[in-house]
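Novice: Okay, here's the prediction I keep looking at, along with the sequence it came from:
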Amino acid sequence: MPNTSNYAFEYESPSSLPGTTILAVQVDSTIAAIETRVDNNTDSIASNTAAISANGTSITDLQNWTRRGTVLISFTTLNASTAVVNFGFTFPTVPTIVTNIDSGAGATARWESRAITATTTGFTMFVYQSQANTGTWVDIPVSYIATYRA
């Protein structure tokens with residue numbers, strides 16, 4: 001008996017049919033089954049390959065789909081202030097932008113922030129007092145996340 005693997009194929013035996021080998025019949029049957037499976041999935045494979053090719057150029061660098069950062073804002077005796085933010089990247093369309101005042105103590109306790117005049121390349125950070133008082137800020141961090149929306 002051979003020492004090599006037979007991949008579950010039967011070995012020839014003295015009772016094999018004359019002129020036909022059991023191994024050849026089993027290998028032919030297995031190859032035909034594999035060929036049928038490939039043929040049945042050819043359209044799906046072609047469709048997926050086309051989709052991957054079309055989308056490949058759109059998603060080559062996933063970090064370019066989101067920008068985040070922090071702006072330090074300082075002012076004296078105002079009830080609102082702005083700061084221009086540039087992404088350093090051009091989004092395909094105007095992204096969704098979320099802002100956050102990173103400090104909640106003292107002068108910022110009753111303030112809010114939002115993005116205004118957003119474009120594909122940047123926006124204006126707008127901070128404003130939610131109550132009618134003026135305030136003074138010194139290097140208060142206000143963060144943002146801009147995300148591409150298809």
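Specialist: Received, thanks.
Novice: after the helix or strand of the chain with the lowest mean pLDDT comes which helix or strand?
Specialist: Ranked by mean pLDDT, DSSP states H and E, the weakest helix or strand in the chain is helix 22-56, scoring a mean of 78. Downstream of helix 22-56, the next assigned helix or strand under DSSP states H and E is strand 66-78.
Novice: continuing past that following strand, what's the next helix or strand?
Specialist: Toward the C-terminus, strand 66-78 is succeeded by strand 80-86 as the next helix or strand (DSSP H and E).
Novice: As CSV, could you dump the C-alpha coordinates of the helix or strand following that next one?
Specialist: Once strand 80-86 ends, the next helix or strand along the chain (criterion: DSSP H and E) is strand 96-101. Coordinates of each C-alpha in strand 96-101 appear next as CSV, following Å, rounded to 0.1, in the frame of the first residue of the first chain:
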residue,chain,number,x,y,z
THR,A,96,-21.8,66.0,8.6
ILE,A,97,-20.1,68.0,11.4
VAL,A,98,-20.5,67.5,15.1
THR,A,99,-18.9,69.9,17.6
ASN,A,100,-18.1,69.8,21.3
ILE,A,101,-16.9,72.3,23.9
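Novice: Could you list the paired strands of strand 96-101 along with their orientation?
Specialist: Paired neighbours of strand 96-101 in the sheet (DSSP bridges): strand 135-147 (antiparallel).
Novice: tilt between the strand it pairs with and strand 80-86?
Specialist: Orientation check (axes from the mean of the first three to the mean of the last three C-alpha atoms, to 10 degrees): strand 135-147 against strand 80-86 gives 40 degrees.
Novice: got a list of contacts for strand 135-147?
Specialist: Residues from elsewhere that reach strand 135-147 (C-beta atoms under 8 Å, 6 or more residues apart in numbering): 65-79, 81, 83, 85, 87, 91, 95-103, 107-108, 111, 113, 115, 123, 125, 127, 129. (Each C-beta comes from the backbone N, C-alpha and C, glycine too.)
Novice: So for that strand, what gets flagged as buried?
Specialist: Neighbour-count burial for strand 135-147 flags 135, 137, 140, 142, 144, 146 (criterion: 16 or more other C-beta atoms under 10 Å).
Novice: What is the nearest of these to residue 119?
Specialist: residue 146 (10.6 Å; C-beta to C-beta).
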